[in-house]
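Asker: give me a model of this one.
(chains A and B)
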Amino acid sequence: MLSSTLSRPSVKHLISTCRDPQTLAQIHALVILTGSLSHPQSPGRLIAAYARLGDIAAAQSVFKTTSSHNVSTWNSLIIAQSRYNSPAEVLRLYHLMLSDGRVRPDSSTFTVALKACAQLSDLKTAEEIKTHAFGSGYKHDVFVCSSLLNLYAKCGKMDEAMKLFDEMPMKDLVSWTTMIMGFVNVGRPLEAIGIYRKMRAESMEGDEVVMVGLIQACAAMGDVRMGRSIHGHMIRRCMRMDVVAETSLVDMYAKNGSLELAHLAFERMHCKNVVSWSALISGYAQNGLASDALQMLVRMQECGLQPDSVALVSALLACSQIGFLKLGKTIHGYIEKRLEFDQILGTAVIDMYSKCGCLSSARSLFDRVGLRDSISWNAMIASYGAHGHGKEALSIFLEMSETGLEPDHATFASLLSAFSHSGLVEEGRYWFHLMLQKFGIEPAEKHYACMVDLLARAGHVKEAHELIKSMVIKPGIAVWVALLSGCHKHKTLELGEYVAGKVLELNPDDLGIHALVSNVFAAGKRWDKVGEVRKAMKKMGMRKVPGYSLVEVNGKLHAFLVEDKTHPQHEKIMEMLERLDYEMRKMGYIPKTEFVFHELEEDVKERMLCNHSERLAIAFGLLNTSPGTRIVIIKNLRVCLDCHVATKYISKIVNREIVVRDVKRFHHFKDGVCSCGDYW
DNA sequence: ATAGGGTTAG
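Answerer: Residues are numbered from 1 along each chain as shown, chains lettered A, B, ... in the order given. Just a heads-up that it's a prediction; the model follows:
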């Protein structure tokens, strides 16, 4: 008698403080031996304890062998499944509990079941649960209600959430947080901030989770100033700087281009995990700092952390930017060995191959990746487009339509751009028309820009102009520039001067655009205008973006700046270029200096052309690879007309395929011709 | 017995 009254509280204590499964099994045995198992709370405690220690099988087994279930046994198991991240199992057990009929679910049961619905975006089941919960007297239960708020938020129904939130008589920190996060996640950061203000007005203090919501809101609004002040607020209030909060700070700084602050916040983190690294890698990659991104990936591995798919997607993006095929392939191999391809990873690899010049590898991966969504299809359409295969882009588009996936504005942007890179005027007109008529997609600026480019470049300058005039939205600079380059190409000078004026009105900040405007005026001998443009350029202090080219040789990347004389192989490179120049001239090559934007003597201009970065990179590639090897060049500007002509000759002279990716598209030079058909 | 809110990607 005495022993059993003494043992009960101590067994309870033992169960709840036990820290390893072996000890728990011994306590379990003790519970059975002392007869404490017949105590109504004992099985529930054991289930919860096994679940807490990660032994879900033991928890299930205790549940199964318990003869009479009560709310505590049911809840313990359901909560265990919830922690185990099995929302479907949670709902199965919930329904089993209902059909058992002997036990009534309580606030915890409803709360966990609703959380499972949120994870599954299962609004229908959630409505049933809500009805049941509210009918059972939990209408004003703050746990049940915040689970519902979370559910609505996850399903994008913020207006529903707001309605319920307003009706809640008691709001606690979690309900406020749920609303803030909800607005952030549906892309309404201003309203998230608004909720926070209301919360403060009701004298509720935010904790670090609230701060994460606010930091994300700042990240979305691009408001680094406010982000910094929240960062300061957290420090002043001595908030817990856990890994999630610190990572969201890194991300906020990184997403908005404040990479020094991101890096600083990163270095000062108390504890880093794969996610924090990934956030920084992604920040570098998104901001075009490919080599920083890749260095961070190396550091992540040096720290003994396995990069996850998120880190690799960012690393692949970095490889794509700089044409680092060797590393991209290595990452691809790593994924094949250790990870599963999902759509995002698949698309990132496809994009990497395409942007590194390997269209066929992109395609074979596309064929192999089973699950495709509209973004993966889109990537493939865009890839064919960039490489100048408009017809293939169209056939991929048609294949996509057959699968039942609806094309969206991005799909059409890729498709129309593919047509414009291939000069497929008929196809362009047809699908542009169908885009609105059949698919109900209103053309945006980017679609118009593709069409104007396509039409004007093909010589239909008037039609292109008519299209602009028909635009409902105000034509932006991209559209006018497309028309202007058409006018320039086809010497439509009168319209050209008018369009040049339109372009100038829109205050372009791009030197290339000014050069085009100036060239159009020069063609019409409007020297006064030419002078004005140049003066304006000087006044704006516009400097030419220095051209550079990258080439991968034997797995290493080499960069060449325009007129770069510092390269260790400089003399050899110049020798090679002179030799090629000699051969080219024998074949009829005449340097085209009209795009050199300087008042210089002809021979100086000619020498400058030879110093264009892609020439240096090509020569270097030829010198350092075995005969027949394909050379891929990545260039940060557009290929100039002269380099284009010259590269065609070079491909024939050295009998090599030379692939050049410029800012607009790919050029595959082979046997004296370019895949773009001189149409770019 | 125990419950609800948080970080990175194409």
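Asker: what is the host helix or strand of A:His433 packed up against?
Answerer: According to DSSP states H and E, A:His433 maps onto helix A:425-437. Under the contact criterion of 3 or more Cβ pairs under 8 Å, 6 or more residues apart in numbering; DSSP states H and E, helix A:425-437 touches helix A:390-402, helix A:409-422, helix A:445-457. The C-beta positions use only the backbone N, C-alpha and C, and glycine is treated the same way.
Asker: can you pull the contacts of the nearest residue to A:Tyr448 once chain neighbours are set aside?
Answerer: Nearest-residue entry for A:Tyr448: A:Val479, 5.2 Å, with adjacent residues in sequence omitted and distances by Cβ to Cβ, 6 or more residues apart in numbering. Taking Cβ atoms under 8 Å, 6 or more residues apart in numbering, we find A:Val479 in contact with A:445, A:448-449, A:452, A:468, A:471.
Asker: dump those residues into a markdown table; add distance to A:Gly388, neighbour count and pLDDT as well.
Answerer: Below are the contacts of A:Val479 laid out as a markdown table (distance: Cβ to Cβ, whole Å; neighbours: other Cβ atoms under 10 Å; pLDDT from 0 to 100):
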| residue | distance to A:Gly388 | neighbour count | pLDDT |
| --- | --- | --- | --- |
| A:Glu445 | 23 | 16 | 94 |
| A:Tyr448 | 22 | 23 | 97 |
| A:Ala449 | 18 | 25 | 96 |
| A:Val452 | 19 | 29 | 97 |
| A:Ile468 | 25 | 21 | 96 |
| A:Met471 | 27 | 14 | 94 |
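Asker: in CSV: these, plus distance to DNA strand B.
Answerer: Listed next are the contacts of A:Val479 as CSV, based on distance: Cβ to the nearest atom of the strand, whole Å:
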residue, distance to DNA strand B
A:Glu445, 21
A:Tyr448, 24
A:Ala449, 21
A:Val452, 26
A:Ile468, 30
A:Met471, 29
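Asker: now tabulate the residues you listed in CSV and tack on distance to A:Tyr498.
Answerer: Below are those laid out as CSV (distance: Cβ to Cβ, whole Å):
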residue, distance to A:Tyr498
A:Glu445, 20
A:Tyr448, 18
A:Ala449, 18
A:Val452, 15
A:Ile468, 12
A:Met471, 16
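Asker: A:His612: how many residues sit nearby?
Answerer: 23 (other Cβ atoms under 10 Å).
Asker: could you chop chain A up by domain?
Answerer: Using automatic domain parsing, the domains assigned to chain A come out as A:454-543, A:548-674.
Asker: in three-state terms, label A:Phe560 for me.
Answerer: Assigned by DSSP: H, G, I helix; E, B strand; the rest coil, the conformation of A:Phe560 is strand.
Asker: that older thread, got the helices and strands packed on helix A:425-437 as TSV, with distance to A:Ser320 columns?
Answerer: Formatted as TSV, the helices and strands packed on helix A:425-437 follow (distance: least, Cβ to Cβ, whole Å):
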stretch	distance to A:Ser320
helix A:390-402	19
helix A:409-422	16
helix A:445-457	20
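Asker: minimum distance to A:Val144: which of those helices has it?
Answerer: Nearest to A:Val144, of all these, is helix A:409-422, at 40.0 Å by Cβ to Cβ.
Asker: so for the closest one, what gets flagged as buried?
Answerer: Under the neighbour-count criterion of 16 or more other Cβ atoms under 10 Å, helix A:409-422 has A:411-422 buried.
Asker: over to stretch A:274-287?
Answerer: For stretch A:274-287, by 16+ other Cβ under 10 Å, it's A:275-287.
Asker: how about it and DNA strand B, touching?
Answerer: Yes. Against DNA strand B, stretch A:274-287 shows contacts by Cβ under 7 Å from any atom of the strand at A:274-276, A:278-279, A:282, A:285-286.
Asker: average pLDDT across that stretch?
Answerer: Averaged across stretch A:274-287, pLDDT comes to 97.
Asker: show residues contacting that stretch.
Answerer: In contact with stretch A:274-287 (Cβ under 8 Å, 6+ apart) are residues A:243, A:246-247, A:250-251, A:253-255, A:257, A:259, A:262-263, A:266, A:269, A:290, A:292-293, A:296-297, A:299-300, A:303, A:305-308, A:310-311, A:313-315, A:317-318, A:321.
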